[in-house]
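Asker: Task: produce atomic coordinates for the following.
(chains A and B)
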Amino acid sequence: MSSRKLARITNIWSKVVESESGGLSTKVVIEATDIFKHVVSRVGNDLLLQSTGVAANMPEGSIEVNDGLVREIVLEQTGAGEAVVRIIAEHPYEYSIVETMGIPARTTVVLGRAFLTDLMKNKRIVIDPGHGGKDWGGKGPVNLVEKNVVVLIARILADLFNKVEAEVVLTRAGDEDIPVKKRYGLALKEKADLFIGIHTYSTKNSKVSGASVRYKSSCGNSRAIAGMINKELIKKLKVKNRGLKEYPELVIPGNIPGVEVEVVTITNWVEEGLLRSPTIHKKAAEGIFIGVKNYFAADGPLNEVVL
Amino acid sequence: MILGRIPIRTHVITEKDDMVDIVRRYTGKVAEHGDIIAMAESVVAISQGRAILPDTVKPGLLAKFLCLFPGKDGSLATPQAMQLAIREVGRTRIVLGALAAAIGRIIHRRGDFYRVAGRQLAQIDDVAGTMWPFEKHIILGPKNPHDLVNRIKDATGTEAVITDVNDIRKVDILAASEGVDRDSLIKDLEDNPFGNDDQQTPIIVFKMAKSNP
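Answerer: This is a model prediction of the structure:
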């Protein structure tokens, strides 16, 4: 086959989208100079598109996705005019494929995210953007203030949970100074499954940087959740890992697990710069969301692979 | 007339890459004579070694003082970024620019700092949290953009542009080879086809209608 006739894969990207009916999907789009033939197969939760009449114009290898359903997408040129696109997923899903002629031609794989909704539906989560009002929290070397940034991240996080039908209560939506006891008490009042505080770290040493997660010391699950959030947060933000810390002052009543996430260090010049970026707010929220989702997924039988 | 646009994913471009080689390698079998190749200015700058880690910059007193005045969400609000601006155009032009900005503030006129100190300083992007692995870098504007678009046209036969596009529909064309209709291209760049996250599509091929098919 002449290489001039091969469809050339120029880009692969993915996005979480909402359908008109309100259901969520991950859309994986393979862009090429032409439509190409493919055969679809499933191996566990992975979806393979074995394609012919095609050449990789973009680099082969892995594209990190980490959206809670799709972990990564791998492109491999397996022979002359043959390539495999492997969508590596963490949970079961239903899928459909749509081909669209155009410049570029698009092969779109739509993966339903119903598993995540089934998993998170009716979970009650209290999100506490730290500080507020007269209590500014930390302050960056230029001008950012912790109380303002954490609200932005908390709102995105609340939206992510709302989309999978979890019940979210924010301790504050505006610039209010709410006593700590009242914030923690809200978790009990709401019969929450989890309390998540959103903070940034502050220190006099402006060279210190990174993210960490503090956890309620009297509740065994809190450390596990903190670990899962920490892992996903570092994956998303690619900042230094300051690890997990037991936090005796996090006195949420009862057996409700609780964590406080220090997304980055606001007193560091560079990380204050990161905190100005809406992309970083979104990534921080996604990291926390995926960590929490992993905790609930590990807790029940729902995670069995459906073949 | 623009028929469509093809975002081109590349490997992570670093200072070890040459943009002419990159364009040849990734667009050779996609773009044809008459098409336009658009490149993101930040990636061109990265290929020229103009992405700089703030920790490697030691700000002087002048930078520490002047960075107190620009808007805090702008790109020259940190001493490190201001020091790099001084390195780009020299202390004299920066001080003259600052004086012009001070007068401009009194008479309610904006943009005098860049008019006097140099428009290339407006291309400096402070830490932006995007474009891994350069998300913690300050990225200067590209050097000699006109030279680069002409070299690409010579090497590939396609038209070339270097653009600065952001998510608020603001499009600047920093340099374009002779055959490019800038106005029609700006309209097709307004929705930022490069993406601002980590999509690694620093090149867009604009497929153009051919007059002699």
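Asker: CA only for contacts and neighbour counts going forward, please
Answerer: Will do.
Asker: Okay, helices next: where are they in the stretch 1-150 of chain A?
Answerer: A:114-120, A:146-163 (DSSP state H, counting those that start in this stretch).
Asker: how many neighbours does the residue in the stretch 201-307 of chain A that chain B sits nearest to have?
Answerer: Sorted by distance to chain B under CA to the nearest CA, the residues of the stretch 201-307 of chain A start with residue A:274, at 4.9 Å. Applying other CA atoms under 10 Å in any protein chain shown, we find 24 residues neighbouring residue A:274.
Asker: Skip the chain neighbours and tell me the closest residue to it.
Answerer: residue B:129 (4.9 Å; CA to CA, 6 or more residues apart in numbering or on different chains).
Asker: That neighbour: how many residues sit nearby?
Answerer: With other CA under 10 Å as criterion, residue B:129 counts 27.
Asker: Name the residues that touch stretch A:60-67?
Answerer: Contacting residues not belonging to stretch A:60-67 are listed as A:14, A:16, A:71-77, A:286, A:290 [CA atoms under 8 Å, 6 or more residues apart in numbering or on different chains].
Asker: Below-threshold pLDDT in chain B: ranges please.
Answerer: B:167-169, B:195-199, B:211-213 (pLDDT under 70).
Asker: Spell out which parts of it neighbour chain A.
Answerer: Within reach of chain A by CA under 8 Å from any CA of the partner chain, chain B has these residues: B:3-11, B:26, B:29-30, B:54, B:72-73, B:77-78, B:126-130, B:135-136, B:197, B:199, B:201, B:207.
Asker: one more time with 7 Å, if that's ok
Answerer: Contacts of chain B with chain A, taken as CA under 7 Å from any CA of the partner chain, map to B:4-11, B:26, B:72, B:78, B:127-129, B:136, B:197.
Asker: from these, which would you call buried?
Answerer: By neighbour count, with 16 or more other CA atoms under 10 Å in any protein chain shown, those hold B:5-10, B:26, B:78, B:127-129, B:136 as buried.
Asker: and the helices of the stretch 1-150 of chain A, which is most packed in?
Answerer: Burial of the helices of the stretch 1-150 of chain A is given as mean neighbour count (mean count of other CA atoms under 10 Å in any protein chain shown); helix A:146-163 ranks first at a mean of 21.
Asker: If you count neighbours, what's buried in whichever helix or strand comes after that one?
Answerer: Sequence-wise, the next helix or strand downstream of helix A:146-163 (DSSP states H and E) is strand A:167-170. Residues A:167-170 are the ones in strand A:167-170 that count as buried (16+ other CA under 10 Å).
Asker: So what's the gap between strand A:167-170 and the chain middle?
Answerer: 18 Å (CA atoms, centre = their mean, to the nearest Å).
Asker: Next: stretch A:202-221.
Answerer: 20 Å.
Asker: what does stretch B:151-171 give?
Answerer: Worked out by CA atoms, centre = their mean, stretch B:151-171 lies 10 Å from the chain centre.
Asker: before we move on, back to that, so can I have a markdown table of the contacts of stretch A:60-67 showing pLDDT and neighbour count?
Answerer: Listed next are the contacts of stretch A:60-67 as a markdown table, based on pLDDT from 0 to 100; neighbours: other CA atoms under 10 Å in any protein chain shown:
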| residue | pLDDT | neighbour count |
| --- | --- | --- |
| A:14 | 94 | 21 |
| A:16 | 94 | 18 |
| A:71 | 97 | 17 |
| A:72 | 97 | 19 |
| A:73 | 98 | 23 |
| A:74 | 98 | 16 |
| A:75 | 98 | 20 |
| A:76 | 98 | 17 |
| A:77 | 97 | 19 |
| A:286 | 97 | 25 |
| A:290 | 97 | 21 |
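Asker: mind putting these in TSV, distance to chain B included?
Answerer: Below are the contacts of stretch A:60-67 laid out as TSV (distance: CA to the nearest CA, whole Å):
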residue	distance to chain B
A:14	10
A:16	14
A:71	15
A:72	13
A:73	13
A:74	14
A:75	12
A:76	14
A:77	16
A:286	14
A:290	19
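Asker: Residues of chain A that sit close to chain B?
Answerer: A:10-11, A:57-59, A:103-104, A:142-143, A:270, A:273-274, A:277, A:279-280.
Asker: ok, now with 6 Å
Answerer: A:10-11, A:58-59, A:103-104, A:273-274 (CA under 6 Å from any CA of the partner chain).
Asker: Please name the residues that touch the nearest residue to residue A:168 once chain neighbours are set aside.
Answerer: Spatial nearest neighbour of residue A:168, excluding adjacent residues (CA to CA, 6+ apart): residue A:125 at 5.0 Å. Contact analysis of residue A:125 by CA atoms under 6 Å, 6 or more residues apart in numbering or on different chains lists A:168, A:192-195.
Asker: returning to that earlier point: quick one: which of the helices of the stretch 1-150 of chain A is nearest residue A:174?
Answerer: Among these, the nearest to residue A:174 by CA to CA is helix A:146-163 (7.6 Å).
Asker: Can you tell me what sits against that closest one?
Answerer: With CA under 6 Å, 6+ apart as the test, helix A:146-163 has contacts from A:129, A:131-132, A:136-138, A:198-199, A:281, A:285.
Asker: again, but for stretch B:33-53
Answerer: With CA under 6 Å, 6+ apart, stretch B:33-53 has contacts from B:14-15, B:17, B:137-142, B:157-164, B:202-208.
Asker: and if we set it to 8 Å?
Answerer: By CA under 8 Å, 6+ apart, the surrounding residues in contact with stretch B:33-53 are B:13-19, B:31, B:134, B:136-143, B:156-165, B:174, B:180, B:194, B:202-208, B:210.
Asker: Pop the domain breakdown of the chain in here.
Answerer: No chain specified, so I'll use chain A. A:3-112, A:118-298 (automatic domain parsing).
Asker: ah, no, chain B please
Answerer: Domain segmentation of chain B under automatic domain parsing yields B:2-50+B:141-208, B:52-139.
Asker: Include distance to residue A:266 when you put the ones you listed into JSON lines, please.
Answerer: Output for these, formatted as JSON lines (distance: least, CA to CA, whole Å):
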{"stretch": "domain B:2-50+B:141-208", "distance to residue A:266": "22"}
{"stretch": "domain B:52-139", "distance to residue A:266": "13"}
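Asker: what's the closest of these to residue A:185?
Answerer: Of all the domains of chain B, domain B:52-139 comes closest under CA to CA, at 35.4 Å.
Asker: Just the endpoints, please. Distance across that closest one?
Answerer: The straight-line separation of the ends of domain B:52-139 (CA to CA, to the nearest Å) is 6 Å.
Asker: Grab the longest helix from chain B for me.
Answerer: If you go by DSSP state H, chain B has its longest helix at helix B:91-106.
Asker: May I have that one as CSV, with CA atoms only?
Answerer: Provided in CSV are the C-alpha atoms of helix B:91-106 (Å, rounded to 0.1, in the frame of the first residue of the first chain):
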residue,chain,number,x,y,z
ARG,B,91,18.0,48.7,32.6
THR,B,92,17.7,52.0,30.7
ARG,B,93,14.7,51.0,28.6
ILE,B,94,13.0,49.4,31.5
VAL,B,95,13.4,52.6,33.6
LEU,B,96,12.2,54.8,30.7
GLY,B,97,9.3,52.4,30.2
ALA,B,98,8.4,52.6,33.9
LEU,B,99,8.5,56.4,33.8
ALA,B,100,6.3,56.4,30.7
ALA,B,101,3.9,54.1,32.5
ALA,B,102,3.8,56.4,35.5
ILE,B,103,3.0,59.4,33.3
GLY,B,104,0.4,57.3,31.4
ARG,B,105,-1.3,56.5,34.7
ILE,B,106,-1.7,60.2,35.4
